[in-house]
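Participant: Got a sequence here, can you model it:
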Amino acid sequence: MDDVGSERHRSGADKRPRLEDVAARVGLSTASVSLVLRGVPGPSERTRQRVLKAAADLGYQADRTASLLASRRTRLLGVMVDIHSPFHAELVEHLHTAAEEVGYDLVLSTQTRTRDEHTAVETLLAFRSEALILLGPTGPADTLAALDRKAPVIAVGRRIADAELDVVRTADDDGVSQTVDHLVGLGHRAIVYVDGGKGGVIATDRRRGYRTAMRRHGLGAHIRILHGDNTEAAGERAARHLLDSGELPTAVVAFNDQCAIGVLAALSRADIAVPGEVSVAGYDDDTLSRLSCFDLTTVSQNAREQARQSVAAAVERLDQGRTEPREVVLPPRLVVRGSTAGPA
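Facilitator: Residues are numbered from 1 along each chain as shown. This next block holds a predicted model:
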């Protein structure tokens, strides 16, 4: 090639349109233009058509090397979920929606009675999840912090003191406190709490909320906590214990909705009217609590907003360069339904 031809070739190469040129033509950010050109959901159809027309008019072609480098990203968010939790199922539904809106997808790994948290997390990493959204993790804080050094971790639903990772949760103690306030306002004094088990931070916070509220109302002498956990079976056992003891309270607050449903089942079999003889309240506002057969007074954790905040935290870590940990604490909301009323 002669000198003139070489110069023309170099000049043509210099004028090859870039992503920035397309962005300038349509007045959008390069990030928005990139979403359109990669076919990622999010931008409106009008925006998509404007970008594609500008790219065609300019003769823009994606750089193959950059595309290959970008393809190393999976754009997958790994989610650990307890397969037995209706509330987790609702969270996952909202997480899918929130992730799709920003061009990500989810990989799910289940935690069961025979599959522990470590195994669930390792599966997510094996599938090249870029960030981990862990629903109700129980591992030690230092273990979760070490995991965060492998991939950004968002712990959902659990308070972690001096956290070195992102946390999205509701104020569990306040949620139970609101329930006790509601029952005291109805006239109850003998209010029993069915616990969520020993050792867990969530159970500890909710138990503290019950104790604090009872003492605030001058009912410290009426504090009564029964052993339980997050299952219907635990609620049934606790209710049977109350029935067998002959000291039936006028109200029962359960650790979560599943436990509360177990309490309802046992009281129903014993022909104890709810709320006529005993009021019952749960926590989570899961899909079962809303069924007319339960009509359960409970506490909403705002699953939709927890999901949105969790995905936003992951995106901030992955795409926006945030490195400092952040905690989002959402206010819980009491949802009064037909399972609570004034004492007879």
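Participant: what stretches of the chain score poorly on pLDDT?
Facilitator: The chain contains residues with pLDDT under 70 at 1-15, 41, 62-71.
Participant: can you give me the helices for it?
Facilitator: Using DSSP state H, the helices of the chain run over residues 3-14, 19-26, 30-37, 45-58, 64-70, 86-101, 117-126, 141-148, 172-186, 201-216, 232-245, 257-269, 303-319.
Participant: Go through these and name the closest to Pro332.
Facilitator: Comparison of the helices of the chain against Pro332 by CB to CB identifies helix 172-186 as nearest, at 3.4 Å. C-beta: built from backbone N, CA, C; applies to glycine.
Participant: With Ala161 as the reference, name the closest of the helices of the chain.
Facilitator: helix 141-148 (7.0 Å).
Participant: can you list contacts of that closest one?
Facilitator: Identification of contacts with helix 141-148 by CB atoms under 8 Å, 6 or more residues apart in numbering yields 121, 132, 134, 137, 139, 153, 155, 160-165, 325.
Participant: picking that back up, can you put the helices of the chain in a markdown table and add mean neighbour count and distance to Arg337?
Facilitator: Below are the helices of the chain laid out as a markdown table (neighbours: other CB atoms under 10 Å; distance: least, CB to CB, whole Å):
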| stretch | mean neighbour count | distance to Arg337 |
| --- | --- | --- |
| helix 3-14 | 9 | 69 |
| helix 19-26 | 17 | 50 |
| helix 30-37 | 18 | 42 |
| helix 45-58 | 15 | 41 |
| helix 64-70 | 10 | 49 |
| helix 86-101 | 19 | 16 |
| helix 117-126 | 17 | 33 |
| helix 141-148 | 17 | 35 |
| helix 172-186 | 21 | 11 |
| helix 201-216 | 20 | 19 |
| helix 232-245 | 20 | 17 |
| helix 257-269 | 23 | 11 |
| helix 303-319 | 21 | 17 |
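Participant: Now for Arg224, how many residues are close by?
Facilitator: Residues lying near Arg224 (other CB atoms under 10 Å) number 16.
Participant: And for Gly218?
Facilitator: For Gly218, the neighbour count with other CB under 10 Å is 10.
Participant: ok, now which ones touch Leu330?
Facilitator: For Leu330, the contacting residues are Val168, Arg169, Thr170, Ala171, Gln301, Asn302, Glu305, Gln306, Gln309, by CB under 8 Å, 6+ apart.
Participant: Thanks a lot, see you next time.
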